[in-house]
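Asker: coords below, sequence missing:
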């Protein structure tokens, strides 16, 4: 067994920063030590800059490539005090607005007091030629912010936590961040900071909190409820919540019971009996579920007098459009005419889009203004293309933004400011979670029609609830299930195989023709090679499908056939490095000009403008796909074009982006691509399911290619796991409508 390494301390002045990783604070730097030797130091030393004095505790090691280096376990830094070191620090570019020339002028003017001037007398910087008063204030703000971030980072890193958590804490709470974190370490585990409960709990315990402290048990119970929202649950039965919380923090279940009673008493938890279970809700989810049920039930009770001769209208519409509407589509129009809320569901090729067009024509006839919406940007764009009417995401329609604390999403449209319309058509409804449906219903005028459209057999929403399925299964709202495959889609093997998969039948692999192909590859390496070849050469050359119209899908993020690995290989092939392409290393990823990227969380504060700079707006949303236009290393920002919406990201916001040549099936839901390549390989059974395969196949518009072990597709069909979520919307609807 290796002997325990003896920790030693070295100190000196930072000469140069060779590499820094903003995500985890890992830094490689050159240090001029007390013996006037230049040594390499590596470790978590966020925001290190030349000119600083560094005290590092660690041990020496020999790297196979880079040679002898000092691995710092802990590091303490002091700001430079002599003029030469201060110049070195300022000239390094560590403070926005100061380069070598300005640094020289500042040190010449203020000498060893330069940093004090930056912090406490910023207006004096305007004494420097070329520095205006406004620029002086910006420089001071950058310096003070960095000092605050550094103090917070040093606190976080002293407990061996990720430095990026400090960056986010400071971004949300500013100068109060350190004080608030000392008061409540569990802030780290909040959704807007993104730390895990385990990180927050470790910090709390290391700061001296007792394991059985009531605030710790409360935080653990609330964490379990919030964590399970991501698993689709709206509530957790009390007995289960009690057990998982006790297991999470290793305390006696009786302590959890006491905490649950306290949380109920102070309103942080709501408990109600649901189907024999004591259901524990977060208050906001309880309100969303009860409110959604009450509003939909009220809509179900309203009806309209028929003022249109439907048969005559349809005859005129069919003549004008040159098509013949099927009986179920005609029934849909009859329901829309008479009822306030109607549901339309069906698989691919069954005429959902044609029905939407007919509904729009009918609403025009009635003089009813209709708004079109969908849960994702790509789904809204597709809706616009197919109907010729402008569609918006639900978030944009409702004016989503962060509240003043930056902690939660609020909507400008709602009870006090309703949408100005007579009807809303919501497409891809299976993707809509309970809080978003509640927000939309709140914003509808009292007499507004609501048409819910989607494929109930696709994957449910990522967020809590299974709204579309629950509404259909409740039997409350008038529902049309489109089943007939129309003639123009009868020859499509994509459509045919999708319906076979949905029925539990194995896809037809007997022929490789038409729009559905399979390329059998039994090894992960050859599967990846084939996928890269298809994207880079075969499909562009033989099928005239450019790489930007090809989407690689996979059930998983991890492994050789996961998104992380596939994106690295596809980036090498489709956007290799070149002199004219600037790039930014961030964590394990390299962002390069020309890369295809995806926004991976809703950000309501990003300002975007259109290409001609004649329009602007706020918000880039989870799942939006874009292309990197440019990278400005000096200004530390990256510019992305999201289908004509140009947005800029500071390097500290790159956690919100990931490469998107390959994406998970879940992320692709609501989108449609000219060509889809589906990677088939090993994975967790919970990911290799029938609805994942069905959703992947139905993303392809013109061409679908399955690459890999096709027996995996058969196993996915056989692995039918209906989504089981703790949600009471169906039951509440039936109760309110007298059906239960």
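Answerer: Nice, thanks for sending it over. Keep in mind it's a predicted model, so treat the numbers as computed, not measured. Numbering: from 1, shown residues only.

Asker: lowest-confidence helix or strand of the protein?
Answerer: When the helices and strands of the chain are scored by mean pLDDT, DSSP states H and E, helix 487-490 comes last with a mean of 59.

Asker: residues making contact with the helix or strand just after that one?
Answerer: Moving toward the C-terminus from helix 487-490, the next helix or strand (DSSP states H and E) is helix 493-502. Applying Cβ atoms under 8 Å, 6 or more residues apart in numbering, the external contacts of helix 493-502 come out as 347-349, 457, 485, 489-490, 506-508, 513-516, 690, 693-694, 697-698, 700, 704, 717. Any C-beta I mention is one placed from the backbone N, CA and C, and that applies to glycine too.

Asker: And the helix or strand that helix 493-502 is followed by, what does it pack against?
Answerer: Once the chain leaves helix 493-502, the next helix or strand it forms, by DSSP H and E, is strand 516-520. Counting contacts by 3 or more Cβ pairs under 8 Å, 6 or more residues apart in numbering; DSSP states H and E, strand 516-520 packs against helix 493-502, strand 700-708, helix 710-718.

Asker: rerun that using 7 Å as the cut-off
Answerer: Using 3 or more Cβ pairs under 7 Å, 6 or more residues apart in numbering; DSSP states H and E, the elements in contact with strand 516-520 are helix 493-502, strand 700-708.

Asker: Give me the contact list for the last one.
Answerer: Going back to what we said before, that points to strand 700-708. Residues outside strand 700-708 that contact it (Cβ atoms under 7 Å, 6 or more residues apart in numbering): 494, 515-519, 521, 527, 530-531, 534, 543, 545, 561, 672-681, 697, 713.

Asker: 8 Å instead, please
Answerer: Residues from elsewhere that reach strand 700-708, judged by Cβ under 8 Å, 6+ apart: 494, 507, 515-521, 527, 530-531, 534, 539, 543, 545, 561, 672-681, 697, 713.

Asker: which of the residues you listed count as buried?
Answerer: For the contacts of strand 700-708, a neighbour count by 16 or more other Cβ atoms under 10 Å gives the buried set as 494, 507, 515-519, 521, 527, 530-531, 534, 539, 545, 561, 672-681, 697, 713.

Asker: Next, the angle from the helix or strand hosting residue 553 to strand 700-708.
Answerer: Using DSSP H and E, residue 553 sits in strand 550-554. If you take axes from the mean of the first three to the mean of the last three Cα atoms, to 10 degrees, strand 550-554 sits at 50 degrees to strand 700-708.

Asker: For the next helix or strand after strand 550-554, buried residues please.
Answerer: On the C-terminal side of strand 550-554, the closest following helix or strand by DSSP H and E is helix 563-574. Buried residues in helix 563-574, counted by 16+ other Cβ under 10 Å: 563, 564, 565, 566, 567, 568, 569, 570, 571, 574.

Asker: so what's residue 93 closest to, chain neighbours aside?
Answerer: Computed as Cβ to Cβ, 6 or more residues apart in numbering, the closest residue to residue 93 that is not its neighbour in sequence is residue 99, at 6.4 Å.

Asker: give me the number of residues near the one you found?
Answerer: By the criterion of other Cβ atoms under 10 Å, residue 99 has 13 neighbours.

Asker: Point out where the chain drops to low pLDDT.
Answerer: Residue ranges of the chain with pLDDT under 70: 1-5, 22-24, 64, 404-407, 487-490.

Asker: and the longest helix for it?
Answerer: Longest helix in the chain by number of residues, with DSSP state H as the criterion: helix 133-158.

Asker: What helices and strands are in contact with that one?
Answerer: Contact partners of helix 133-158 among helices and strands, from 3+ Cβ pairs under 8 Å, 6+ apart: strand 67-78, helix 114-120, helix 163-173, helix 177-183.

Asker: ranking these by burial, who's on top?
Answerer: helix 163-173 (a mean of 22; mean count of other Cβ atoms under 10 Å).

Asker: So residue 492 sits against residue 514, correct?
Answerer: Yes. Counting by Cβ atoms under 8 Å, residue 492 touches residue 514, with 7.1 Å between them.

Asker: In space, what's closest to residue 525 - neighbours in sequence excluded?
Answerer: Nearest non-adjacent residue to residue 525, counting by Cβ to Cβ, 6+ apart: residue 560, 7.0 Å away.

Asker: what number of residues lie near that neighbour?
Answerer: Other residues within reach of residue 560, judged by other Cβ under 10 Å, total 16.

Asker: I'd like to know how far it sits from residue 484.
Answerer: Separation of residue 560 from residue 484 (Cβ to Cβ, to the nearest Å): 41 Å.

Asker: Distance to residue 284 added to the helices and strands packed on strand 516-520, as a markdown table?
Answerer: Shown next, in a markdown table, are the helices and strands packed on strand 516-520 (distance: least, Cβ to Cβ, whole Å):
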| stretch | distance to residue 284 |
| --- | --- |
| helix 493-502 | 34 |
| strand 700-708 | 37 |
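
Asker: which one of the ones you listed lies closest to residue 87?
Answerer: Nearest of those to residue 87, taken as Cβ to Cβ: strand 700-708 at 57.3 Å.

Asker: Next secondary structure after the strand or helix carrying residue 284?
Answerer: Assigned by DSSP H and E, residue 284 belongs to helix 283-301. Going down the chain from helix 283-301, the next helix or strand is helix 310-321, by DSSP H and E.
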